[in-house]
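In: Predicted model follows, preceded by the sequence.
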Amino acid sequence: MCNDSQVPVQVLLYAGLFIFSQYLVSWLHLPLPANLVGMVLMLALIVCRIIPLSWVRAGARWLLAEMLLFFVPAVVAVVNYAHLLLVDGWRIFSVIAISTLMVLGATAWVVDKVYRYEMSRLNRE
């Protein structure tokens, strides 16, 4: 199990990777957001076993557990656009609902495929 003192260090690792990704995007003039480049870099580091998954797991779990905290300012900012919600609110909320269902469906499909692949690999061994 992971020690709680490792979480801040792991979150700092994520922050450092994001700062490096921002630098990389501006230096290479990439047409991608820095957070996407950072995720690809983190994936590459984990897949190539340069960074063990255990080094970043606890920080990722903490960030996911506290995700609602990061969205509170965005929800509070919606109050400033009440007139927009009164006019086109149903369109905005329907787009949010449909896109959420699409993401949930795609995630479930990918998880199912990976689970079946892992089970078939275990059965072969």
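Out: Everything's here; your move.

In: pretty sure Leu13 is touching Pro52, no?
Out: No - taking contacts as Cβ atoms under 8 Å, Leu13 lies outside contact range of Pro52: 11.9 Å. All C-beta spots, glycine's among them, are computed from the backbone N, C-alpha and C.

In: Looking at the two, which one has more neighbours?
Out: More crowded of Leu13 and Pro52, by other Cβ atoms under 10 Å: Leu13, with 16 against 10.

In: Contact partners for that one?
Out: Leu13 makes contacts with Trp55, Val56, Gly59, as judged by Cβ atoms under 8 Å, 6 or more residues apart in numbering.

In: what mean pLDDT would you report for the longest helix along the chain?
Out: For the chain, the helix with the greatest residue count under DSSP state H is helix 82-124. Within the predicted structure, the mean pLDDT of helix 82-124 is 92.

In: on that earlier part again, name the nearest of the contacts of Leu13 relative to Arg121.
Out: Val56 (23.8 Å; Cβ to Cβ).

In: Near Val87, how many other residues are there?
Out: Going by other Cβ under 10 Å, the residues that sit close to Val87 add up to 10.

In: Checking Pro31 next. Helix, strand or coil?
Out: Classification of Pro31 by DSSP: H, G, I helix; E, B strand; the rest coil places it in coil.

In: Start at 46, not 1
Out: Let's use 46 as the start, then, which means that last one is Pro76.

In: Over to it: give its phi and psi.
Out: phi -90, psi 30 (degrees, to the nearest 10).
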